[in-house]
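# sequence first, then the predicted structure, then my questions.
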Amino acid sequence: MLRTIHAAILRWTPLLLTALLLSDVSPSAVVFAQPATAGSAPVQAASPAASEDEVTVACYYFGNYHPGDPRNVKAKGPAWSEWELVKAARPRFPGHHQPNVPLWGYADESDPQAMAQKIAAAAAHGIDAFIFDWYYYNDGPFLDRPIDRGFLQAENNAQLEFAFMWANHDWLDIHPYRRGAPRKVLYPGTVTPETFDKICTHVISRYFSHPSYWRIDGRPYFSFYDLTALLDSFGSVAATRAALDQFRAQAVAAGLPGLHLNAVVWGQPILPGERQPADAPQLVRDLGFDSVTSYVWIHHVPLPDLQTDYNVVRDAYFQYWSEAVEKFDVPYFPNVTMGWDSSPRADQRDEFGNFGYPFTNTISGNTPARFQEALALTKERLLAQPDGPRILNINCWNEWTEGSYLEPDEVHGMKYLEAVRNVCGPANATADATGQGGVRKLRLLPPAAGNPRNSEGDFVQLQDGRILFVYTHFTGGGDDNDAAYLAGRFSDDGGLTWTPDDVTIVPNEGAWNVMSVSLLRLQSGAIALFYLCKQADDDCRTFLRTSTDEGQTWSSATLCMPPRGYYVVNNDRVIQLANGRLVIPAAQHVRAGETQFRPGVPMCFVSDDEGKTWTRGAEIAPPPDSRSGLQEPGAIELKDGRLMMLCRTDRGCQYRCYSSDGGLTWTAAEPTDIQSPCSPATFERIPQTGDILMVWNDHSADPALGEKRTPLTVAVSRDEGQTWECVKNIEDDPAGWYCYTALEFVGDRVLLAYCATDASLPPLSRTSITCFDLDWLYDWQHIFNGRDLSGWEGDPRLWSVRDGALRGETTAENPAHGNTFLIWNGGVTGDFELRLSFRCNATNNSGIQYRSQRITEGQLPNAWVVRGYQHEIRNELTLPSVTGFLYDEGGQRGRMCLVGEKVIWNADGTKQVVETFLDQQAFTQLFKLDAWNDVVIVARGPRLQHYLNGQLVLDCTDNDPQRARREGVLALQLHAGAPMWAEYKDIRIRNLE
């Protein structure tokens, strides 16, 4: 079962794997690897390790900066939040800086837009997760609005993960605290076992299955702040352990793979009433925690002076860290603290000194530069532990009243966040400023007064680097036939941000409206704008305008469908074939002179003169007794020159047919295994890989969804639409309504526009512009960093990095001592897909070893020898000695399969050539002599496939039980003999188990 991969994945955990079967199937069969529901366990396997220089960065978040919490309202009034203490703070001694003024203003963190700003900034600066200080007392939750109303409602919450630290400490009446007054306990941190049961049920059911909830090894992370209070809640270690075990069991029963339970440990209490356990390491061991961590440095380091120097505190904390690693049996996640100054919580009328919280000494000299140095040292220490964790946490995102915050202020601006980015980002960020990472919601176009619906748009990239998005802006009602015009927005940063105001592209020139845009860069260089113009019950047809000045002006409209009728053509549907033909897939529902809306009958309109004249193709018969017929067709040109069409139906699946004459005639439509409601699919070819990307409402996991247009799913086909892999959900709200999609490929990122509504809005009323990264889609792991040989082992005389490429080179003065290899240390390869680019000279040959065995280690002069499958690398054009053949390095079978062959090695050890499919002329046209070539290796079970520059060049099935290899190391070869060089770059791998 394929797990739906969420937007952010811890980089030190094993890859979450996909499964697919590339097999010969009938034309109408479609094989899927299915996405599981959120919360299913990741598949664990021997997989490529994460980059050795990456760590996961979590940041604590304190949520008392919003009005309206019921407890605060009762105690302090409806408008109160802890911002009031920030505003009231004053300098308390010489050199003391207060108040600290937030650069973003005193924002309400429970407002989704305010939280979205925080999420975007955190993600863009290398932070992977917020750990919310989460409160739940005997009478229920407290300070949960920033989570429930803020984070979970923020449109971009897929950019950042979140988790909880249960702040199970006493909540005191100290906001502010008047010195000498009783420290009244308002809400005790000790809870009843019944309350703890409620907590477990609440977090499991409401939060742990959220796609953005932070997981370690697939298990939701949940931390406990006060171990002593936890013990007091149950009365004994045994009872506490039983409660935690039940918590884990309850999570498993809910479909989760378990829990990662973390304990915050300390030696120096801060809050009044805090007590440290007598033997924290033993208690952690007895309670079965998975890891330990710290909340703030001063839990371990006393502050001897009113202004204690930051580096003094840092160095003392580092000493504690070293001790903690030795004392605890579980991983310790280190902390980096930005600062400390709790004076805003002290009554400003009182003398300030070290009299007890919040009258405590402060940390001074905590400049952004020093904070960055502390981060760098922490990361360095983490990476120096070869088997240690790759996680650190930061105090804090917004502890404004304790003087530890990353949010920008009027003095330092973004410098503390920039410090995080400089050390831990952007490669470490789940979603950085350039759009790397998982799903990012970039722009919502919601309905508004006088604008009840925004829908059905498309993109085009302009020559000046901008992107134009044109969509249907309704001004009457929100029905398909209500008044609307075509509006445009622009982006100058690859789609990440968009202009705020509409530009009219085409006014409402129809009696009813204009809608359903297709934008296309023609082979002539002009931009084509196709759209429907609705005039009457029997007159809805496509028109074309072109622009030769990058959308500044448009030609007059040309009718593309001369026969009158009501035709449905979706947005982002028109295509131009390799031979220049334009194809408009359409479905007719009303014939001229009629008013009855009939089941859809598809056909294509084609033009061989870039839209000047059009021909109507043959109709495709819908399935008998279908109420819908074949609706909203889409077409794509296949590599063999045929066209493939998919149509939505009321039969629970997409129907498919083929054309061999450029769209004029079609085979009979047949059902597929692409399960969906009566909702369309969009599919386009990915330029970088040559694969097909499809977007649709996948109902295979839950046919009971009926006609609901949810979830919104993407998948990839490597075999021209026969099978699908990398199945991932973009949206999965059960009440969501997602359809009418448009795709645009911008670098290594995919822009996706679609109607996106929920239970609060009418269907089709709102459009979302979202993006996702191709690495996320394919689950790629980059195993060469482009800078050095980290993660690789080989003869240092022969291997180096030059201009971002791995380079192996032998010379007469510096020869190889036999065939030698640069071995990847990231793990064992089993079923996988590898992609890379190479170039080499013609004096010798190189190779890519996979599923191979290392047979020398530490044996000089050549300690780097492997044997096993080898993908040959050569700079030659003459078959059979060319790049791509399969060689049995160090074995007895020699050239196991030549380029252009389909071979089976039988169980008795004999070789059978089943087919030859590539001749000399084809290879000469395919291979790029003296240049970079792209290689793909797919190993799945006994089947081994080699691709060169996007084309299959070898297909070998190894069923020999004695000599076949199912797993082994990955390596690059330098061949003994004549001097040579070979270079490799863009090396990526993904597991297919």
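Right, received. Where do you want to start? Residues are numbered from 1 along each chain as shown.
# from here on, contacts and neighbour counts on C-alpha atoms
Will do.
# how is this structure divided into domains?
By the assignment in automatic domain parsing, the chain contains the domains 56-424, 440-778, 783-991.
# make JSON lines out of these and add mean neighbour count and mean pLDDT.
Formatted as JSON lines, those follow (neighbours: other C-alpha atoms under 10 Å; pLDDT from 0 to 100):
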{"stretch": "domain 56-424", "mean neighbour count": "19", "mean pLDDT": "95"}
{"stretch": "domain 440-778", "mean neighbour count": "20", "mean pLDDT": "95"}
{"stretch": "domain 783-991", "mean neighbour count": "19", "mean pLDDT": "95"}
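# any idea how far residue 715 is from residue 696?
Using C-alpha to C-alpha, to the nearest Å, residue 696 is found at 9 Å from residue 715.
# same question for residue 758.
23 Å.
# could you do residue 352 as well?
Counting by C-alpha to C-alpha - residue 352 and residue 715 are separated by 61 Å.
# try residue 813
Between residue 813 and residue 715 the computed distance is 51 Å (C-alpha to C-alpha).
# could you do residue 491 as well?
Distance, residue 491 to residue 715, using C-alpha to C-alpha: 26 Å.
# and the residue sitting furthest away from the middle of the chain, helix, strand or coil?
Distance from the centre of the chain peaks at residue 180, with 52.1 Å (C-alpha atoms, centre = their mean). Secondary structure, DSSP: H, G, I helix; E, B strand; the rest coil: residue 180 is coil.
# distance check, it against residue 722.
From residue 180 over to residue 722 (counting by C-alpha to C-alpha), the distance is 76 Å.
# ok, residue 570 next?
Taken as C-alpha to C-alpha, the span from residue 570 to residue 722 is 23 Å.
# what sits against residue 774?
Counting by C-alpha atoms under 8 Å, 6 or more residues apart in numbering, residue 774 makes contact with 748-750.
# closest one to residue 105 out of these, please.
Each of the contacts of residue 774 was scored against residue 105 by C-alpha to C-alpha, and residue 749 proved nearest at 33.1 Å.
# the closest one reaches residue 770, doesn't it?
No - in terms of C-alpha atoms under 8 Å, residue 749 does not count as a neighbour of residue 770; the distance is 10.3 Å.
# which stretches in the stretch 251-400 of the chain count as strands?
With strands called from DSSP state E, counting those that start in this stretch, the stretch 251-400 of the chain shows them at 260-264, 291-293, 307-309, 332-333, 335-337, 362-364, 391-395, 398-399.
# element containing residue 728?
strand 723-731 (DSSP states H and E).
# distance of the closest residue in space to residue 689 that isn't next to it in sequence from residue 862?
Distance criterion C-alpha to C-alpha, 6 or more residues apart in numbering; nearest residue to residue 689, sequence neighbours excluded, is residue 950 at 6.8 Å. Plainly put, residue 950 is 35 Å away from residue 862 if you go by C-alpha to C-alpha.
# swap in residue 894?
Distance, residue 894 to residue 862, using C-alpha to C-alpha: 22 Å.
# please apply the same query to residue 161.
Distance of residue 161 to residue 862, computed by C-alpha to C-alpha: 46 Å.
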